[in-house]
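**Q** missing the sequence, but the structure's below:
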């Protein structure tokens, strides 16, 4: 057990592929906090975050068994991408069903002293702006969505983003720059006003 704990992620992945189930348990324990925190920060709902977390590792197991993991030294980045894609899938399905609830988002954001003086109208406008921004982010390329979520929802530094996604800091910064440029273009195209009048 102790020896297994000392192995790096890719060594544990190989052991799991070769039939060692204990290696998978170590991988999940090792990255549980990061993957769950990332999911919770985006979905803002504990039950949903737990469901997506479980779905993520079910998909990880299936992908590993089918040989779909390419060793690149960044197992956790691969897992976070799976989680991120499942989150996007969830919101797409909810949008199609027309059942997206903003209750948890509104409570999280407006239940703070910073917004205590706001009227209900102010809260509704803020909520609408946040929803429009979220929808715009969903229209960006996946790598740009990822850097926005990691920077603004997870509050990671560009160094941490670079490490988790397996790119250079300059690439991470470039993705953020293009994401902001593309968001501005989308705002102009859709003639949106994302400020309170």
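**A** Arrived safely, thanks for sending. Remember, predicted model here, so these are calculated numbers, not experimental data.

**Q** hey, let's count contacts and neighbours off CA atoms from now on
**A** Fine.

**Q** so where's the chain uncertain?
**A** 1-4, 71-73, 97-127, 193-197 (pLDDT under 70).

**Q** which residues in it form helices?
**A** 2-5, 9-17, 21-43, 46-65, 75-97, 103-110, 120-138, 142-148, 158-165, 169-189 (DSSP state H).

**Q** same list (those) but as TSV, adding mean neighbour count.
**A** Converted to TSV, the helices of the chain look like this (neighbours: other CA atoms under 10 Å):
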stretch	mean neighbour count
helix 2-5	10
helix 9-17	18
helix 21-43	17
helix 46-65	16
helix 75-97	17
helix 103-110	14
helix 120-138	15
helix 142-148	19
helix 158-165	18
helix 169-189	16
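
**Q** can you give the domain ranges for the chain?
**A** 1-99, 101-197 (automatic domain parsing).

**Q** centroid-nearest residue for this protein?
**A** Note on the chain: the residue nearest the mean C-alpha position is residue 84, at 4.3 Å, using CA atoms, centre = their mean.

**Q** that one against residue 41, yeah?
**A** No: using CA atoms under 8 Å as the test, residue 84 is too far from residue 41 to be in contact (11.3 Å).

**Q** sorry, back to before: mind checking how far the residue nearest to the centre of the chain is from residue 131?
**A** 18 Å (CA to CA, to the nearest Å).

**Q** again with residue 69
**A** Taken as CA to CA, the span from residue 69 to residue 131 is 34 Å.

**Q** you'd agree residue 178 is up against residue 142?
**A** No: with contact defined as CA under 8 Å, residue 178 does not reach residue 142; the gap is 11.9 Å.

**Q** how many neighbours does residue 149 have?
**A** Residues near residue 149, counting by other CA atoms under 10 Å, number 18.

**Q** which one is it nearest to, not counting chain neighbours?
**A** residue 42 (7.2 Å; CA to CA, 6 or more residues apart in numbering).

**Q** spit out the contact partners of the closest residue to residue 83 other than its chain neighbours.
**A** Leaving aside its sequence neighbours, residue 83 sits nearest to residue 56 (CA to CA, 6+ apart; 5.3 Å). By CA atoms under 8 Å, 6 or more residues apart in numbering, the contact list for residue 56 reads 79, 82-83, 86.

**Q** and what of residue 142?
**A** Neighbours of residue 142 in contact, by CA under 8 Å, 6+ apart: none.
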